[in-house]
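*Asks:* I'll drop the sequence and a predicted model, then ask my questions.
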Amino acid sequence: MNSAVRPLAIISGASRGLGFETARGLAAQGFDLALIAKDANRLTGARQSLLNEFSQSHPQLSITTHAADLEDQSQARKIAEEINGSLPVAQVLVLAHGVMSEKMSKTLRTTDAEWNRVMAINLNSVFTLVNAIAPAMAEARNGRIVIYSACLGRMSGPGNAGGLAPYRISKAGVNALVRNLAHETGMGARGFYVDAMCPNHSRTDMGGADAPRSAEEGAETAVWLATADIAERGSENVTGLLWEDRKVVPW
């Protein structure tokens, strides 16, 4: 990265887990960071942890924190507008926030409240943050969006195969949003890329302590999508896709 002009990355869900590890990976690549999460105290702790870690290797690292409850769409809009008004146009937007639905949340058993909670966090706020932040990125023709989805949101394989209905369906909606936005913005031809990725079962608050991979391993593909030369993706259909371990997987 050009040390004179440090690019900005905005990361949601950044106070812990996959979002924090994504922020950490992007800081190591020379990005300044805008961190979004619900808990202001956790955000402050995450910021300080990153500043401490990179004090020697990236002493110019700038990190801002932005607390918002993304279940509330108006808060999501407000925090996006705050970032737009106070920071440069981002080169990277990674949306890593999300919630799991209740274990027994099958379609015929889920309550309105549980459905609305999961959809608000996993899908509605994703739309709002993209809708508010991405236009300037697309206009600049130099932007990448990476959204954490899940293989449980796939229409193929075991994806939408029953149970956890709000979660699976919200992630299927994320996948549809990604594909649709990529086509709306020229499929990368204009220097703007948008992709979904599946982190696999990682050791986070959601994934649990017994998950097979670390949060850092779960975040690796997101950092790669956000930073690697586009040529590394191959020669065909380089964006508007669902990625797992740096490979495209079927929707």
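*Replies:* It's in.

*Asks:* ok, now how distant is the residue nearest the centre of the chain from residue 9?
*Replies:* Nearest to the mean C-alpha position of the chain, by CA atoms, centre = their mean, lies residue 95 at 2.1 Å. According to CB to CB, to the nearest Å, residue 95 and residue 9 sit 12 Å apart. For the C-beta atoms, the positions are set from N, CA and C on the backbone; glycine is no exception.

*Asks:* repeat that for residue 114.
*Replies:* Distance, residue 114 to residue 9, using CB to CB: 32 Å.

*Asks:* between the two, who's got more neighbours?
*Replies:* Taking neighbours as other CB atoms under 10 Å, residue 114 and residue 9 compare with residue 9 leading, 28 against 16.

*Asks:* just checking, that one touches residue 31?
*Replies:* Yes. The pair residue 9 and residue 31 qualifies as a contact (CB atoms under 8 Å) at a distance of 4.1 Å.

*Asks:* can you list residues touching both of the two?
*Replies:* Counting by CB atoms under 8 Å, 6 or more residues apart in numbering, the common neighbours of residue 9 and residue 31 are 91, 92.

*Asks:* which parts of this protein are helices?
*Replies:* Here the chain has its helices, by DSSP state H, at 17-28, 40-53, 73-86, 112-119, 125-140, 165-184, 215-227.

*Asks:* how about these, which one is nearest residue 241?
*Replies:* For residue 241, the closest of the helices of the chain is helix 165-184, at 7.8 Å, according to CB to CB.

*Asks:* give me the low-pLDDT residue ranges for the stretch 51-200 of the chain?
*Replies:* When residues are selected by pLDDT under 70, those of the stretch 51-200 of the chain lie in 157-159, 161.

*Asks:* picking that back up, let me see the contact set for the residue nearest to the centre of the chain.
*Replies:* The contact partners of residue 95, taken as CB under 8 Å, 6+ apart, are 11, 12, 13, 126, 129, 130, 145, 146, 147, 148.

*Asks:* most neighbours, which of those residues?
*Replies:* Among the contacts of residue 95, the one with the most neighbours (other CB under 10 Å) is residue 11, at 34 neighbours.

*Asks:* just confirm it contacts residue 27, I think it does.
*Replies:* No. Judged on CB under 8 Å, residue 11 makes no contact with residue 27 at a distance of 9.9 Å.

*Asks:* list residues touching both of those two?
*Replies:* residue 33.

*Asks:* residue 110 touches residue 165, doesn't it?
*Replies:* Yes. Between residue 110 and residue 165 a contact is recorded at 5.7 Å, counting by CB under 8 Å.

*Asks:* now do the shared contacts for the two.
*Replies:* residue 101.

*Asks:* next, count neighbours for residue 142.
*Replies:* Residues lying near residue 142 (other CB under 10 Å) number 15.

*Asks:* ditto for the one 10 residues further on
*Replies:* Counted by other CB under 10 Å, the residues lying close to residue 152 total 20.

*Asks:* and residue 241, by the same measure?
*Replies:* Applying other CB under 10 Å, I find that residue 241 has 22 neighbouring residues.

*Asks:* how near is the residue nearest to it when sequence neighbours are not counted to residue 219?
*Replies:* The shortest distance from residue 241 to any non-neighbouring residue, by CB to CB, 6 or more residues apart in numbering, is to residue 248 (4.9 Å). Note on residue 248: its distance to residue 219, by CB to CB, is 18 Å.
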